[in-house]
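Chemist: sharing a model that was predicted from the sequence below.
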Amino acid sequence: MSRLSVLHVVSELYPYAKTGGLGDVAAALPPALRSAGVDARIVVPGYPGVLEAIRKAHTVHEDDDLFGGGAARVLAATLRGTDVPAFVLDCPGLFRRDGGPYQDASGKDFPDNASRFAALGWTAHELSTQGMGGFHPDVLHAHDWQGGLAIAYTKLRGGLGPACVVTIHNVAYPGAFDPKLLPELALPPECYSIFGVEFFGRISFLKAGLYYADRITTVSPTYARELLHDGQGGGFEGLLRGRSRDLSGILNGVDYREWSPDVDPHLPAPYDLEHLARKGESKTALKRRLGLDEAHHGPVFGMVSRLVHQKGVDWVLEVLPSLVQRGGMAVFLGSGDEAIASGLERIARAFPRRVAFQRGYDESLSHLIQAGSDFILVPSRSEPCGLTQLYALRYGSIPIVRRTGGLADTVVDATPEAMRAGRATGFSFDSESAAGLESAVDRALAIHRRPDLREGLQRAGMRADFSWNGPAMAYRALYESARRGRGR
């Protein structure tokens, strides 16, 4: 059998363009696949950061006017810091602009996002069916709604093209747009139906991927099961139940080249299982950086998150005053809902030496919070996979999570039985409430007063292997199955 080849359609790529875990996955999964014997490549929009990272490139395709964005070209390129071949869609009218991948500098969605990511999908479709740059992928792998039309274009135009896989990183974002855009998006009118791209009276890019793909994956086994239940599948429950044989959950991994305390350049001193005491230097550095009381010996609770309802930050606001009054300290990094951010600022002002909050995202501070915290809070209402808790485990920072999605798959609750067996790695709770979180915090505070038990949890977490090796092999098996199903 010939070597598998796969084209990943990604809208984010760490460290050049990132809003969340998708950027990390796009940077880490393709090289892991290449190590597993798969010829994995990516196609990514030519954002300013991506263009600046190009080491060398040549043009493999040109277009006079791509989806209203003007002149465009597709570059076969290599990017700084990675050996994964990339196709960069350089369309200045669509992608060379200030702000992030999807929003302007003020946080508003770009009004032409439908055209922007239709252009990405069309380019991926042409790359995978026309062999641009001499690459003929066996599998087209689209990620989230931004890649969904790549699959629709490929399937709707017939012929024996590549097998198509779509991964749901977060079903809460369907990529829904006005149906009047159908002709502008080069979609035939007959596909606008329940048996196509229609989704509650809108065009959904994610629906396009889910309906036309040969295989559907999501980023943890538990999340894959949860998506089939009413109210948890973002409106796609019926479609997913009908395609349950094609749906699988493959847990995301961690790139330990970036996220491991023994090699992390953002820390004041490296540490590992054999030198766990050095973790204390990061705790001191974290307090100093954020102006917290360095003489206080209570546990530090850290949280790096989008400040949105899904992440359970409102529960944290309810629990936080009590946590501080019982001797805890807390540090927060994130942005999102203004009411939540304002609430964190109020509490930080009320406890200026015990609570700190920094808006936005800071890569260096994110690493220092992981290393300098005793506990990491991830109380999400829903969580497809979650990377924060995986980073925490590696850094010996004990995660406190709600038992949902990937959090349920990766954190072993500190029950007496799990503690005795040496398997426990954190604290889980089930209730969708601040009371549920507070009960888990109570247990964490009790364990913190027992250094022997606390260290047992830390060491079990640090020994856990959530590298990309296992997920890469699972994806390879999935690709082979999809390719066989397509007769390739």
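Modeler: Structure's in. What do you need?
Chemist: where does the stretch 1-150 of the chain dip in pLDDT?
Modeler: In the predicted model of the stretch 1-150 of the chain, residues 1-2 satisfy pLDDT under 70.
Chemist: can you pull out the strands in it?
Modeler: Secondary structure of the stretch 1-150 of the chain (DSSP state E, counting those that start in this stretch): strands located at 5-9, 39-45, 54-63, 72-79, 86-90, 139-143.
Chemist: contact partners for the most centrally placed residue in the chain?
Modeler: Note on the chain: the residue nearest the mean C-alpha position is Gly21, at 1.9 Å, using C-alpha atoms, centre = their mean. Residues in contact with Gly21 (C-beta atoms under 8 Å, 6 or more residues apart in numbering) are 169, 219, 252, 385-387. From N, CA and C alone the C-beta is placed, and that goes for glycine too.
Chemist: burial of the residue nearest to Asn170 when sequence neighbours are not counted, as a residue count?
Modeler: The spatial neighbour of Asn170 that comes closest, neighbours along the chain excluded (C-beta to C-beta, 6 or more residues apart in numbering), is Pro384 at 5.4 Å. The tally of other residues near Pro384 (other C-beta atoms under 10 Å) stands at 26.
Chemist: the one 3 residues further on now?
Modeler: Other residues near Leu387 come to 23 when the count uses other C-beta under 10 Å.
Chemist: following the helix or strand hosting Thr222, which helix or strand shows up next?
Modeler: Element membership of Thr222 [criterion: DSSP states H and E] is helix 221-226. Toward the C-terminus, helix 221-226 is succeeded by helix 237-242 as the next helix or strand (DSSP H and E).
Chemist: would you map the helices across the stretch 251-400 of the chain?
Modeler: 279-290, 313-325, 338-350, 363-372, 388-394 (DSSP state H, counting those that start in this stretch).
Chemist: looking at the ones you listed, which one is packed in the most?
Modeler: Comparing these by mean neighbour count (mean count of other C-beta atoms under 10 Å), helix 388-394 ranks first with a mean of 27.
Chemist: now for it, which elements pack on it?
Modeler: helix 363-372, strand 375-378, strand 398-402, helix 405-410, helix 451-463 (3 or more C-beta pairs under 8 Å, 6 or more residues apart in numbering; DSSP states H and E).
Chemist: export the third one as PDB, just CAs?
Modeler: What it means is strand 398-402. Taking C-alpha atoms only, strand 398-402 is exported to PDB below (Å, rounded to 0.1, in the frame of the first residue of the first chain):
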ATOM      1  CA  ILE A 398      -3.300  19.800  40.100                       C
ATOM      2  CA  PRO A 399      -6.400  20.400  37.800                       C
ATOM      3  CA  ILE A 400      -9.800  21.000  39.200                       C
ATOM      4  CA  VAL A 401     -12.300  20.200  36.500                       C
ATOM      5  CA  ARG A 402     -16.000  19.500  35.800                       C
END
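Chemist: and Gly406, what is it in contact with?
Modeler: Gly406 makes contact with 219-220, 222-223, 251-252, 383-386, 389, according to C-beta under 8 Å, 6+ apart.
Chemist: PyMOL command to pick out the buried ones of those?
Modeler: In PyMOL, a selection of the buried entries from the contacts of Gly406 looks like this (16 or more other C-beta atoms under 10 Å):
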select buried, resi 219+220+222+223+251+252+383+384+385+386+389
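Chemist: out of the contacts of Gly406, flag the one nearest to Asp293.
Modeler: Proximity of these to Asp293 was ranked by C-beta to C-beta; the top entry is Gln389 with 26.9 Å.
Chemist: ok, the closest residue to that closest one other than its chain neighbours - contacts?
Modeler: Closest residue in space to Gln389, ignoring its immediate chain neighbours: Pro399 at 4.1 Å, by C-beta to C-beta, 6+ apart. Going by C-beta under 8 Å, 6+ apart, Pro399 touches 375-376, 378, 388-389, 392-393, 407, 411, 425-427, 461.
Chemist: go with 10 Å
Modeler: 373, 375-378, 386, 388-393, 407, 410-411, 425-428, 440, 444, 457, 461 (C-beta atoms under 10 Å, 6 or more residues apart in numbering).
Chemist: quick one: the helix holding Thr222 to chain centroid distance?
Modeler: 16 Å (C-alpha atoms, centre = their mean, to the nearest Å).
Chemist: elements contacting that helix?
Modeler: If you count contacts as 3 or more C-beta pairs under 10 Å, 6 or more residues apart in numbering; DSSP states H and E, helix 221-226 packs onto strand 215-218, strand 247-249, helix 405-410.
Chemist: pLDDT below threshold where in the stretch 251-400 of the chain?
Modeler: Using pLDDT under 70, the stretch 251-400 of the chain has no residue that qualifies.
Chemist: I'd like the helices and strands packed on helix 221-226 as CSV, with mean pLDDT appended.
Modeler: Below are the helices and strands packed on helix 221-226 laid out as CSV (pLDDT from 0 to 100):
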stretch, mean pLDDT
strand 215-218, 98
strand 247-249, 98
helix 405-410, 98
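Chemist: would you reformat the ones you listed as JSON lines and include distance to His61?
Modeler: Shown next, in JSON lines, are the helices and strands packed on helix 221-226 (distance: least, C-beta to C-beta, whole Å):
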{"stretch": "strand 215-218", "distance to His61": "27"}
{"stretch": "strand 247-249", "distance to His61": "33"}
{"stretch": "helix 405-410", "distance to His61": "37"}
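Chemist: what's the closest of the ones you listed to Phe205?
Modeler: Of all those, strand 215-218 sits nearest to Phe205, with 14.4 Å by C-beta to C-beta.
Chemist: partner strands of that closest one and their direction?
Modeler: strand 163-168 (parallel), strand 247-249 (parallel) (DSSP bridges).
Chemist: now the first one and strand 5-9, what's the angle there?
Modeler: By that I understand strand 163-168. Taking axes from the mean of the first three to the mean of the last three C-alpha atoms, to 10 degrees, one finds strand 163-168 and strand 5-9 inclined to each other by 40 degrees.
Chemist: quick check: angle from strand 163-168 to strand 139-143?
Modeler: Going by the same axes, to 10 degrees, strand 163-168 makes 20 degrees with strand 139-143.
Chemist: alpha carbons of strand 163-168, as CSV, please.
Modeler: Extracted in CSV, the C-alpha atoms of strand 163-168 (Å, rounded to 0.1, in the frame of the first residue of the first chain):
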residue,chain,number,x,y,z
ALA,A,163,-11.5,10.8,1.2
CYS,A,164,-12.9,13.6,3.4
VAL,A,165,-12.6,13.9,7.2
VAL,A,166,-13.9,16.7,9.3
THR,A,167,-13.0,17.4,13.0
ILE,A,168,-15.3,19.2,15.3
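Chemist: quick one: contacts for the residue of the chain positioned farthest from its centre?
Modeler: Within the chain, Ala295 marks the point farthest from the mean C-alpha position, 36.2 Å out by C-alpha atoms, centre = their mean. Residues near Ala295 by C-beta under 10 Å, 6+ apart: 287, 353.
Chemist: what do you get for Ile54?
Modeler: By C-beta under 10 Å, 6+ apart, the neighbours of Ile54 are 16, 46, 75, 77-80, 86, 88, 90.
Chemist: so what's it bridging to?
Modeler: Assigned bridge partners for Ile54, using DSSP bridges, are Leu79.
Chemist: I'd like the distance between it and Thr78.
Modeler: Noted for Ile54: a distance of 7 Å to Thr78, by C-beta to C-beta, to the nearest Å.
Chemist: joint contacts of those two?
Modeler: With C-beta under 10 Å, 6+ apart, Ile54 and Thr78 have common neighbours Ala86.
Chemist: out of the contacts of Gly21, which comes closest to Gly470?
Modeler: Asn252 (10.7 Å).
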